[in-house]
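1. Structure of the sequence below:
(one chain, ligands or ions: 1)
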Amino acid sequence: MIPTTEEARQELELAGQLNPGPWTAHSVHVGRAAQEIAQRCPGLDGDKAYALGLLHDIGRRYGVSARRHGIDGYRFLMEKGWGQAARVCLTHSFPVADFTKEMGKNDMTGQQSEFVQRYLQGIVYDDYDKLLILCDSLATAQGFCLLEKRFVDTARRYGVFPFTVERWNATFAIKEYFEKQMRCCLYDILPNVKETTFLHEPLWQPPVR
Ligand SMILES: [Fe+2]
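-> Alright, predicted model coming up:
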């Protein structure tokens, strides 16, 4: 089961009140990008893609966290019976479906880490997993930008790792996968890519509490 777009919107709004930050605007842009792409791909549902985008980072409702936001979102949405949205909470951070190839600090317990590791080993990514991985990498809080810009922002925030380029290449491969289905360039269907790419925003830092 997946939530309606209205249910997803309400959950995101509530989550933004619990933990305000640019992550909610980012989530809206991820949803919009996913919707635009899905509407142009045979067999994909735009509303479903939008709802999945709105909820992919919903684990941030519990506060500022790193890798833990995935498992927190997964648990929260599983309890609501929204299995596919829960799944995306876990998969969207892993363009390479390997738990050891993630950049964020691992703030999960050992048991949670093991669960995610086994979960990723036990599935094959479907089109919605791929779509949300891609959209997470091209949406900022301000709008849509070149993948290359997000990759550099992420590297500046988290550093570079031996698997960084493998992650980038996996994301570019997903972009090409959807462009083939849409028969057009991704950047032609998303508004203001050029403007957002050239915007200079200081790197976001969690508030000091
Ligand atoms: Fe995200």
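2. Apart from its chain neighbours, what residue comes closest to Lys48?
-> Ile2 (5.6 Å; Cβ to Cβ, 6 or more residues apart in numbering). For glycine as for every other residue, the C-beta is placed from the backbone atoms N, C-alpha and C.
3. How about the contacts made by that neighbour?
-> 48, 51-52, 82-85 (Cβ atoms under 8 Å, 6 or more residues apart in numbering).
4. hmm, try it at 7 Å
-> 48, 51-52, 82, 84-85 (Cβ atoms under 7 Å, 6 or more residues apart in numbering).
5. One more: Ala66?
-> When contacts are counted by Cβ under 7 Å, 6+ apart, Ala66 is found next to 104-105, 107.
6. isn't Ile71 right up against Ser113?
-> No. Using Cβ atoms under 7 Å, Ile71 is not in contact with Ser113; the gap is 8.7 Å.
7. neighbour count winner among the two?
-> Here Ile71 and Ser113 are compared on neighbour count by other Cβ atoms under 10 Å; more neighbours surround Ile71, at 23 against 17.
8. name the helices or strands packed onto the strand or helix carrying His26?
-> Taking DSSP states H and E as the definition, His26 sits inside helix 23-39. Helix 23-39 is packed against helix 5-18, helix 46-55, helix 127-136, with contacts defined by 3 or more Cβ pairs under 7 Å, 6 or more residues apart in numbering; DSSP states H and E.
9. quick one: the last one near the ion?
-> The one in question is helix 127-136. Yes. Among the residues of helix 127-136, Asp136 lie within reach of the ion under Cβ under 5 Å from the ion.
10. what helices or strands is that helix leaning on?
-> Using 3+ Cβ pairs under 7 Å, 6+ apart, the elements in contact with helix 127-136 are helix 23-39, helix 46-55, helix 83-91, helix 164-182.
11. so what does the next helix or strand after the second one touch, helix or strand wise?
-> Helices and strands here follow DSSP H and E; after helix 46-55, the next one along the chain is helix 68-79. Contacts of helix 68-79 with other secondary structure elements, assessed using 3+ Cβ pairs under 7 Å, 6+ apart, are made with helix 83-91, helix 110-121.
12. ranking those by burial, who's on top?
-> helix 83-91 (a mean of 23; mean count of other Cβ atoms under 10 Å).
13. any idea how far that helix is from the chain center?
-> Offset of helix 83-91 from its chain centre (Cα atoms, centre = their mean, to the nearest Å): 10 Å.
14. buried residues in the helix holding His26?
-> 23-24, 26-38 (16 or more other Cβ atoms under 10 Å).
15. before we move on, back to that, confirm the residue nearest to Lys48 sits in a helix?
-> No. Per DSSP: H, G, I helix; E, B strand; the rest coil, Ile2 lies outside any helix segment and is coil.
16. can you pull the pLDDT of it?
-> Looking at Ile2, its pLDDT reads 87.
17. what sits against the residue nearest to the spatial centre of the chain?
-> By Cα atoms, centre = their mean, the chain has its centre lying nearest to Asp136, at 3.5 Å. Residues in contact with Asp136, defined by Cβ under 7 Å, 6+ apart, are 30, 56, 92.
18. distance of the last one from Lys101?
-> This points to His92. 14 Å (Cβ to Cβ, to the nearest Å).
19. Please identify which of these two sits among more neighbours.
-> His92 (25 against 18).
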